[in-house]
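Asker: no FASTA, just this:
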């Protein structure tokens, strides 16, 4: 993957394909802390509904320095970066529609255009990666984890309360209660619990 293709992906992440995902993996392997590459890789997995997305999300969260943007990515239906990127790309296309007067020195004009295009591409890449372009959220990923843990603790406490309620309802470890209608059952219960003496027969030993 060359710089031009990478810049185009930054400007329009929706263009990420399976092939570009493989290329991004190679970039990440070579530069593990290249945050924009991990963000593009995560975006591509999400677009393709890959089963690897959840694990990739954990890795990206571990390597990012601004989890507000990652939180925006997780919670928003449409990532704001896409809208900004499309706006930047449309501006580039509008600029390209202007007619350029070619002077006598054609090589100098072409060289100037190439420098401008290269400069514009770098500005676009920096604009896409600029955290100030994104709407920050109050909550972050740590808060989501804390809420999930709190919910899990509540479920554990609820299970314990339910067990205690069931124990009280079933009367476990409590005296059996009999009504007047349960006389026969009560009698049977008494027979089972009554201790009967052991009768030993006396045997006479022969003299």
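Answerer: Arrived safely. Predicted model only: the values in this text are computed from it and were never measured.
Asker: what sits closest to residue 45 if chain neighbours are left out?
Answerer: Among residues not flanking residue 45 along the chain, residue 53 sits closest, at 4.4 Å (C-beta to C-beta, 6 or more residues apart in numbering). Quick note: C-beta positions are derived from backbone N, CA and C, even for glycine.
Asker: now residue 51: how far from residue 43?
Answerer: To residue 43, residue 51 is 16 Å away according to C-beta to C-beta, to the nearest Å.
Asker: looking at the two, which is more packed in?
Answerer: residue 43 (23 against 8; other C-beta atoms under 10 Å).
Asker: give me the nearest residue to that one, chain neighbours excluded.
Answerer: Once flanking residues are discounted, residue 43 sits nearest to residue 13: 4.5 Å by C-beta to C-beta, 6+ apart.
Asker: neighbours of the one you found, how many?
Answerer: Neighbour tally, residue 13, other C-beta under 10 Å: 21.
Asker: so it sits right up against residue 46, yeah?
Answerer: No. Counting by C-beta atoms under 8 Å, residue 13 stays clear of residue 46, with 9.5 Å between them.
Asker: what about this protein, any weak spots by pLDDT?
Answerer: Across the chain, the ranges flagged by pLDDT under 70 are 67-111, 118, 121-145, 147-148, 151-152, 154-161, 163, 165-207.
Asker: got the domain boundaries for it?
Answerer: The chain breaks down into these domains under automatic domain parsing: 3-97+114-138, 141-172.
Asker: check contacts around residue 9.
Answerer: Applying C-beta atoms under 8 Å, 6 or more residues apart in numbering to residue 9 gives the contacts 15-16, 20, 40.
Asker: can you tell me the element it falls in?
Answerer: Assigned by DSSP states H and E, residue 9 belongs to helix 3-11.
Asker: specify the next element, helix or strand, located C-terminal of that helix.
Answerer: Counting by DSSP H and E, the element after helix 3-11 in chain order, helix or strand, is helix 18-30.
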